[in-house]
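# The amino acid sequence is not available; the structure is as follows:
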């Protein structure tokens, strides 16, 4: 069965860039998700949608990405291979990682900090490998916030949108 969130065309964005709906970040902030966040680092900043909302609400956020998607001067840093030059000042990592690299991003984030705030598809909890990591407490899940109604994240630099409500997301 193919659904809107599993179908991939041959010309799909190889960078797996999905932009976090600004409503999702606002709702998380207003719902208290980041109440004890401290200084945050977004290592997969993409087009800056998540970090810009956090900054607008007064959060201290450092950003980086492996790619500067639209020449906006983001710090270029490969999160899976490099360490933030001021990691000792970072209290938590906030991220919407490339879905196909979610495991690697969670592992890396937990190597660096104790607090990780991740926006991702709800299906991140469903596969056997990831579910075992949560259940074994390799990944200490303290809370999960599901959206209702569903948010809609755009894809790529062009910001194309999938069918409304095709994917369930959460923090």
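Ah, there it is. This one's a predicted model, so the numbers in the text were calculated from it and none came from an experiment.
# how close does residue 65 get to residue 151?
Distance of residue 65 to residue 151, given as C-beta to C-beta, to the nearest Å: 21 Å. For glycine as for every other residue, the C-beta is placed from the backbone atoms N, C-alpha and C.
# typo on my end, residue 79
24 Å.
# Spell out for me which residue occupies the centre of the chain.
Centre of the chain computed as the mean C-alpha position; nearest residue by C-alpha atoms, centre = their mean is residue 96, 1.0 Å away.
# My guess is it contacts residue 20. True?
Yes. Applying C-beta atoms under 8 Å as the test, residue 96 and residue 20 come out as touching, 4.6 Å apart.
# hey, what's in contact with both of the two?
46, 50, 119 (C-beta atoms under 8 Å, 6 or more residues apart in numbering).
# Among the residues you listed, which one has the most neighbours?
Tallying neighbours with other C-beta atoms under 10 Å puts residue 50 at the head of those, with 27 neighbours.
# pLDDT score assigned to the residue lying closest to that one once chain neighbours are set aside?
Nearest non-adjacent residue to residue 50, counting by C-beta to C-beta, 6 or more residues apart in numbering: residue 20, 4.2 Å away. On the pLDDT scale, residue 20 is placed at 82.
# can you tell me how far residue 20 sits from residue 93?
Where residue 93 is concerned, residue 20 sits at a distance of 14 Å (C-beta to C-beta).
# swap in residue 138?
On the measure of C-beta to C-beta, residue 138 and residue 93 end up 16 Å apart.
# what about the strands in the chain?
In the chain, the strands defined using DSSP state E lie at 18-19, 40-42, 61-65, 75-76, 92-95, 115-118, 120-121, 154-155, 169-170.
# mind putting those strands in a markdown table, distance to residue 102 included?
What follows is the strands of the chain, written out as a markdown table (distance: least, C-beta to C-beta, whole Å):
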| stretch | distance to residue 102 |
| --- | --- |
| strand 18-19 | 12 |
| strand 40-42 | 15 |
| strand 61-65 | 16 |
| strand 75-76 | 21 |
| strand 92-95 | 10 |
| strand 115-118 | 8 |
| strand 120-121 | 6 |
| strand 154-155 | 16 |
| strand 169-170 | 13 |
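# By mean pLDDT, point me to the weakest helix or strand of this structure.
strand 154-155 (a mean of 66; mean pLDDT, DSSP states H and E).
# wait, what's in contact with the residue nearest to residue 93 when sequence neighbours are not counted?
The shortest distance from residue 93 to any non-neighbouring residue, by C-beta to C-beta, 6+ apart, is to residue 109 (4.5 Å). For residue 109, the contacting residues are 43, 93, 95, 116, 118, by C-beta under 8 Å, 6+ apart.
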